[in-house]
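Engineer: what shape does this take:
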Amino acid sequence: MAMVHISNKPLTVNPLKVSQPMGATLAVLGLDQAVPLQHGAQGCTAFSKVFFTRHFREPVPLQTTAMDQVVTVMGADNSVIEALRTVAELNNPEVIGLMTTGLTETQGADIARTVKEFQRSSPEFMDISVIPINTPDTLGSLESGYARALEAVIEHLVPEGRVAGYRPRQVNVLLSSMLTPGDAEAVRAWVEAFGLRPVMLPDLGGSLDGHFDPAGFSTLSRGGVSRIDVATMGKSIATLAVGPSVFTAADRLKSRTGVPDHRFDGLMGLAACDAFTEVLAGLSGRSVPDGIDRLREQLLDAMVDTHFVLGALRLGVAADPDHLGMLAHFLTGVGIQVVAAVASSRAEGLVDLPIEAVVVGDLEDLEAQAQAGKAQVLIANSHGADIAERLRIPLLRAGFPLYDIFGGAARKWVGYAGSRQALFDLANLASTARPEIAPYHSFYGKERPPEMDGSVPAVSGASTLLG
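Structural biologist: Alright, predicted model coming up:
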């Protein structure tokens, strides 16, 4: 059990939290032939676009209603309808994700009603699915905005019914925002190894994996889960929900379709990976493939190899609640002491983490906690680099955004292989940071190190004294 402390500072000093509209945008980018449309000022969308472009190092399709001071005061319904019509005419998407921002939520915009008005006034675009998503950036974080988007997608694209199991080899996979596109690819391969067909929601591994597209830049997302596949989720035999933030989306899917679900707080570490593997074996009716067994043995060996380095390591970590929870269970499971833990926003599961305390705050709180706890390594996003430099300890970059390294979005953290690599990276950082005992040099030796010159008698003189 962890004590959860809410920071009472009147302002954020070194931000950790990323806004809900950005989280919803990320989820929409995991749908094929989709356009995220942020209802707010142009600067809000530009800010999000910069973050995504720097993190994924890819051009990201993102549109805005570009509210100005006039429509902010007089009402922006016409602006939303015009923006939807323009996006539909120019891009012909299958899905438009319309999300609010702090400005429109403060204004009191009713985007669900506005979407209905658009559909009534523009029947020629009825084949385009427009999904309204309420994501005020004054509340929550990237994680909660992402989760709200998944709930809205299920509400609007998955028809109600009771045909669960009609496709006996198909399983739904709901993925939290803590999983990278590389993680999504790893989960897909994991499920397919048992002969099952996964419907990933969202599928960032298909759309934001960094592949070279011969067609060039597109104003639509490419390679995510299709609208047709999402509509078949009610026919699957089970839903696998990874991350507590998507459990509400799993509840909504179950209530609409009756598809049973299996829930996982994370997929890092031996116990978590074993639990996921056992569920897949039960759903498929197959034994565990040899390749999966081999990966498990490699993780076990890595745990033995790194035990003496990581067993007494003192570590600080800052992340969104789902990510923090997965990392905390993984780290403590291999003997690491988490002496500083900071979450970007509140979540019910924080109290159940296997550490002493969690602070809901910012990166300034991480710095204070890490310094007080004498942390030797930090885990945080790229904004934690300055903290690590001031504390003179190494940083393992994880989370969002990662703008000062290459391949951060492609990295695989989950599964047996991802957990193994995380152990190696932590052990390497800890070994580098650990001070070594200086070698002993006798002044009787024939060759002395430079630092001994002038500080001890010469060898010949010492020989004379010894007679």
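
Engineer: tell me the centre residue of this protein?
Structural biologist: Taking C-alpha atoms, centre = their mean, the centroid of the chain lies closest to Met178, which sits 2.2 Å from it.

Engineer: touching, that residue and Ser344? I think so.
Structural biologist: No - with contact defined as C-beta atoms under 8 Å, Met178 does not reach Ser344; the gap is 11.3 Å. (Glycine included, C-beta is placed from N, CA and C.)

Engineer: overlap in contacts, those two.
Structural biologist: Residues touching both Met178 and Ser344 by C-beta atoms under 8 Å, 6 or more residues apart in numbering: 143, 319-320.

Engineer: nearest to Ala249 among those?
Structural biologist: Glu143 (12.3 Å; C-beta to C-beta).

Engineer: any idea how far Ile154 is from that closest one?
Structural biologist: 17 Å (C-beta to C-beta, to the nearest Å).

Engineer: repeat that for His262.
Structural biologist: In terms of C-beta to C-beta, His262 sits 17 Å off from Ile154.

Engineer: higher neighbour count, the two?
Structural biologist: Using other C-beta atoms under 10 Å, the more surrounded residue of His262 and Ile154 is Ile154, with 26 against 18.

Engineer: how many other residues sit next to Leu270?
Structural biologist: 16.

Engineer: quick one: contacts of the helix or strand containing Ala186?
Structural biologist: Ala186 is part of helix 181-192, with elements assigned from DSSP states H and E. Taking contacts as C-beta under 8 Å, 6+ apart, the residues outside helix 181-192 that touch it are 56, 171, 173, 175, 179, 197-198, 200, 203-210, 240, 242, 267, 276-277, 280, 292, 409-415, 417-418.

Engineer: any chance of a PyMOL selection covering the buried ones in those?
Structural biologist: To isolate in PyMOL the members of the contacts of helix 181-192 that are buried, counting by 16 or more other C-beta atoms under 10 Å, one can use:
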select buried, resi 56+171+173+175+179+198+200+203+204+205+206+207+208+209+240+242+267+276+277+280+292+409+410+411+412+413+414+415+417+418
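
Engineer: follow-up on the earlier one: which residue packs closest to the residue nearest to the centre of the chain, ignoring adjacent ones?
Structural biologist: His323 (3.8 Å; C-beta to C-beta, 6 or more residues apart in numbering).

Engineer: and the gap between that neighbour and Pro244?
Structural biologist: When His323 is compared with Pro244 (using C-beta to C-beta), they lie 11 Å apart.

Engineer: check Ala189 too.
Structural biologist: In terms of C-beta to C-beta, Ala189 sits 24 Å off from Pro244.

Engineer: more neighbours, those two?
Structural biologist: Pro244 (24 against 16).

Engineer: right, and the more buried one touches Leu350 too?
Structural biologist: No - using C-beta under 8 Å, Pro244 is not in contact with Leu350, being 9.7 Å away.

Engineer: got the domain ranges for the chain?
Structural biologist: 3-10+296-433, 20-139, 170-209+219-287, 438-467 (automatic domain parsing).

Engineer: residues in contact with Asp137?
Structural biologist: By C-beta under 8 Å, 6+ apart, the neighbours of Asp137 are 19-21, 44, 101-102, 145.

Engineer: now Ala410: how far from Thr135?
Structural biologist: 26 Å.

Engineer: if you could redo that for Glu124, that was the one I meant.
Structural biologist: 28 Å.

Engineer: those two: which is more packed in?
Structural biologist: Applying other C-beta under 10 Å to Glu124 and Thr135 shows that Thr135 carries more neighbours, namely 29 against 9.

Engineer: out of the helices and strands in the protein, which is least certain?
Structural biologist: Least confident element among the helices and strands of the chain, by mean pLDDT, DSSP states H and E: helix 459-466 (a mean of 37).

Engineer: which helix in this structure has the most residues?
Structural biologist: Ranked by residue count under DSSP state H, the longest helix found in the chain is helix 290-310.

Engineer: residues contacting that helix, please?
Structural biologist: For helix 290-310, contacts defined as C-beta under 8 Å, 6+ apart pick out 190, 193, 270, 273-274, 277, 334-336, 415-417, 419-420, 423-424, 426-427, 430-431, 434.

Engineer: got a ChimeraX select line for the buried ones in those residues?
Structural biologist: Here is the ChimeraX selection string for the buried members of these, based on 16+ other C-beta under 10 Å:
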select :190,193,270,273,277,334,336,415,416,417,419,420,423,426,427,430
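
Engineer: now, which of the contacts of helix 290-310 lie within helices?
Structural biologist: Using DSSP H, the contacts of helix 290-310 in helices are 190, 270, 273-274, 277, 415-417, 419-420, 423-424, 426-427, 430-431.

Engineer: and Ile96, what helix or strand is that in?
Structural biologist: Here Ile96 is assigned to strand 95-100, by DSSP H and E.

Engineer: show me where the stretch 151-300 of the chain has its strands.
Structural biologist: Per DSSP state E, counting those that start in this stretch, the stretch 151-300 of the chain carries strands over the ranges 170-175, 197-201, 238-242, 261-264.

Engineer: indicate which one of those strands is closest to Glu94.
Structural biologist: Using C-beta to C-beta, the nearest of those to Glu94 is strand 197-201, at 14.7 Å.

Engineer: remind me what that closest one packs against, helices and strands.
Structural biologist: Other elements packing on strand 197-201 under the criterion 3 or more C-beta pairs under 8 Å, 6 or more residues apart in numbering; DSSP states H and E are helix 142-157, strand 170-175, helix 181-192, helix 227-231.

Engineer: now do it and helix 142-157, the angle between them.
Structural biologist: Using axes from the mean of the first three to the mean of the last three C-alpha atoms, to 10 degrees, the direction of strand 197-201 lies 120 degrees away from that of helix 142-157.

Engineer: what is the rounded mean pLDDT of strand 197-201?
Structural biologist: Strand 197-201 shows an average pLDDT of 97 in the prediction.

Engineer: alpha carbons only: can I get whichever strand or helix holds Asp386 in PDB?
Structural biologist: Asp386 belongs to helix 385-391 when elements are defined using DSSP H and E. Taking Å, rounded to 0.1, in the frame of the first residue of the first chain, the C-alpha atoms of helix 385-391 are listed here in PDB:
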ATOM      1  CA  ALA A 385      17.100  15.300 -18.500                       C
ATOM      2  CA  ASP A 386      17.900  18.600 -16.700                       C
ATOM      3  CA  ILE A 387      17.000  17.100 -13.300                       C
ATOM      4  CA  ALA A 388      19.300  14.100 -13.900                       C
ATOM      5  CA  GLU A 389      22.100  16.500 -14.900                       C
ATOM      6  CA  ARG A 390      21.600  18.600 -11.700                       C
ATOM      7  CA  LEU A 391      21.600  15.500  -9.500                       C
END
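
Engineer: which residues touch that helix?
Structural biologist: Contacts of helix 385-391 (C-beta under 8 Å, 6+ apart): 14, 363, 366-367, 370-371, 375, 378, 380, 394-395, 397, 404.
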